[in-house]
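Colleague: Generate a structure from the sequence data that follows.
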Amino acid sequence: MNKLNTDIFSLAGRSAVVTGGSRGIGAAIVELFARFGAKVVFCHANDAAEADALVTRLAAEGFSVAGAECDVADEAAVAGFADFARERLGHVDIVVNSAGVSGDKPFEALTVADFDRMTDINLRGTFLMTQAFFPGMVERKFGRIINLASQLAYKGAPALAHYCASKGGVVGFTRALAYDGAPHGVTVNAIAPGPIETAQLAGMTEEWRRMKHAQLPIGRFGTVDEIAPTALLLASAAGSYFVGQTLSPNGGDVML
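Modeller: Take a look at the predicted model:
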């Protein structure tokens, strides 16, 4: 048996794209990838101040990171961002589809516009960004696609039919594309986090937070720094045998 390489998590020499990378889980992944040696380009939506601050902070430490605005649901915008990323990186080894939106609304009040916005960003955006880089990965016989789903894709939740549908679609997309990618050295996997301390939870009432804490075996919400290492695992040599999987760092909210 070969001894484990101590650099098994290294991303040295790799190039990565992270969507929704200016804040939350996406920003944590950008920083961790950079610290483990990757060159990173990320996109954001109307978040220039946060994006610039992240780039400036990491650049001051000598890391190669760049950001650009992109609506991941817009085909032309994604094509333009993909060109930007390839100009900066040469080619792209890793894509993390982290961009997403949430928001609860009773089903009887949902509009077609509500449903379309959720699925456009969470599911269509994942498809468009993956499609922009997947052919190059197949050609080079190496690639890592990592999609952000949610534990709610499995358990559902009241007033979140549109959100759960979009994230369930991400899980199905991941499993199907894994069959297409694996024979060419391209692994496709997903991460389904539980409730994480991000801006999406900031507006919840204290009563709701106590109720949710009580439901979690771990008794607390997670942090973005507890999710990013799962992306590092899947992006690195340590995760090379994961194919079509959805890993679930969720504090026990869903046990599969």
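Colleague: Send me the helix or strand hosting Gly136 as CSV with only the CA atoms.
Modeller: Using DSSP states H and E, Gly136 sits in helix 125-140. What follows is helix 125-140 as a C-alpha-only set of coordinates in CSV (Å, rounded to 0.1, in the frame of the first residue of the first chain):
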residue,chain,number,x,y,z
GLY,A,125,-26.7,29.1,-13.0
THR,A,126,-25.1,25.8,-12.0
PHE,A,127,-25.8,24.3,-15.4
LEU,A,128,-24.5,27.4,-17.4
MET,A,129,-21.3,27.8,-15.4
THR,A,130,-20.6,24.1,-15.6
GLN,A,131,-21.3,24.0,-19.3
ALA,A,132,-18.8,26.8,-19.8
PHE,A,133,-15.9,24.9,-18.4
PHE,A,134,-16.8,21.2,-18.7
PRO,A,135,-15.6,20.7,-22.3
GLY,A,136,-12.2,22.0,-21.6
MET,A,137,-11.9,19.6,-18.6
VAL,A,138,-12.9,16.7,-20.8
GLU,A,139,-10.3,17.7,-23.4
ARG,A,140,-7.5,17.9,-20.8
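Colleague: Other residues contacting the helix or strand just after that helix?
Modeller: Elements were assigned by DSSP H and E; along the chain past helix 125-140, the next helix or strand is strand 143-148. By C-beta atoms under 8 Å, 6 or more residues apart in numbering, the list of residues contacting strand 143-148 from outside reads 20, 25, 93-98, 100, 126, 130, 133-134, 136-137, 170, 173-174, 177, 181, 184-191, 193, 231, 234-235, 239. Every residue, glycine included, has its C-beta placed from N, CA and C.
Colleague: ok, 6 Å please
Modeller: 94-98, 126, 130, 137, 170, 174, 186-191, 231, 234-235 (C-beta atoms under 6 Å, 6 or more residues apart in numbering).
Colleague: Please indicate which of these are buried?
Modeller: Among the contacts of strand 143-148, those buried by neighbour count (16 or more other C-beta atoms under 10 Å) are 94-98, 126, 130, 137, 170, 174, 186-191, 231, 234-235.
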